[in-house]
Every structure is written in structure tokens, then in C-alpha cells.
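**Student:** Quick one, structure for this:
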Amino acid sequence: MERPSLEINLPDTHEEGKLYVVDSLNNLNKLNVCPDGSRHALDEEENTGGTGENTGESNIRNRCLFFVTFILTLIVSLALVSFVIFLIIQTRNKMDQISSRLISEKKNIEELKKMNNMILKHLNQSGIKE
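**Tutor:** Purely as a prediction, here's the structure:
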């Protein structure tokens, strides 16, 4: 009248085995088909019940984060370009000042040479020689 425990557990074990095989195949399929990033999204989808609510919000958050990062990058780039242009203009102004000083000093040196030559001629004409 009593059945052995093996006969009772056999059908349950068979059903559990089928579920285990199906689960294993699903997991293997996820590993083979999905890239690493998608696997994380699939795990989240399984955790949320497949509704996709978290992935939609996450997608919007990621887009907003990308947009903010892009805008900040553009602002920093614009600031750096403006600074470089400012430095170029300042360097050009300094170079203009230096070149004008050099030109004026060159004129002064030429005038001094002329004055020196005139003094030497005057000394030579007056007969004073060393």
C-alpha cells in the first residue's frame, strides 16, 4: 500500500529537470546572443518584470547626461579657444612694441655713429691727433 519514495518523486524530478534545462538554455542563449551591456539590461528587465520602465528612465537619464556633458565640453572648448586667441593677440601687440623699440634704437645708434664721425672729422681737421 505504501509506494516507494522513488516512484513519487520521479515525475516531480522530471518536471524540475525540464525547467532546469529550459532555464539553462535561456541563460546560455543570453550569454551567446547578447553583448555584455545588453546582458545587464536583460537582468534589469527580468528584475522589473519585463515592463521596461527602468530602462526607459535610464535611457532618458543617459541621454540627458550625454547632452549635459556635450554642452560642458563645448563651453570648455570655447573658453580654451578664446584664451588662445587672447594670448595670440597679446603676443602680437608685444612683438609690435618690441619691433618699434628696435627700430627707434636703430635710428638712435645710426645718429650716434653720425655724431661720432662728425667729431672725428672735426678733430682731424683741427690737427689734434693722438
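**Student:** all helices of this protein, in order?
**Tutor:** With DSSP state H as the definition, the chain shows helices at residue ranges 5-33, 36-48, 53-126.
**Student:** lowest-confidence stretch among those helices?
**Tutor:** When these are compared on average pLDDT, helix 36-48 comes out lowest at a mean of 54.
**Student:** Distance check, Q125 against K113.
**Tutor:** Separation of Q125 from K113 (C-beta to C-beta, to the nearest Å) stands at 19 Å. Where you see a C-beta, it was placed from the backbone N, CA and C, and this is true even at glycine.
**Student:** whoops, F67 was the one
**Tutor:** Distance of F67 to K113, computed by C-beta to C-beta: 69 Å.
**Student:** Over to I103?
**Tutor:** I103 is 16 Å from K113, by C-beta to C-beta.
**Student:** likewise K107?
**Tutor:** In this structure, K107 lies at 11 Å from K113, with C-beta to C-beta as the measure.
**Student:** Ok, K30 next?
**Tutor:** In this structure, K30 and K113 are separated by 91 Å, where distance is defined by C-beta to C-beta.
**Student:** More neighbours: which of those two?
**Tutor:** Neighbour comparison, K30 and K113: the larger count goes to K30, with 14 against 10 (by other C-beta atoms under 10 Å).
**Student:** what about L72, how many neighbours?
**Tutor:** Other residues near L72 come to 10 when the count uses other C-beta under 10 Å.
**Student:** and if you look at T55?
**Tutor:** Counted with other C-beta under 10 Å, residues neighbouring T55 total 15.
**Student:** What are the neighbouring residues in contact with S77?
**Tutor:** In this structure, S77 makes contact with no residue, judged by C-beta atoms under 8 Å, 6 or more residues apart in numbering.
**Student:** Report the separation between it and Q90.
**Tutor:** Applying C-beta to C-beta, one obtains 20 Å for the distance of S77 from Q90.
**Student:** Same check on K106?
**Tutor:** Counting by C-beta to C-beta, the gap from K106 to Q90 is 25 Å.
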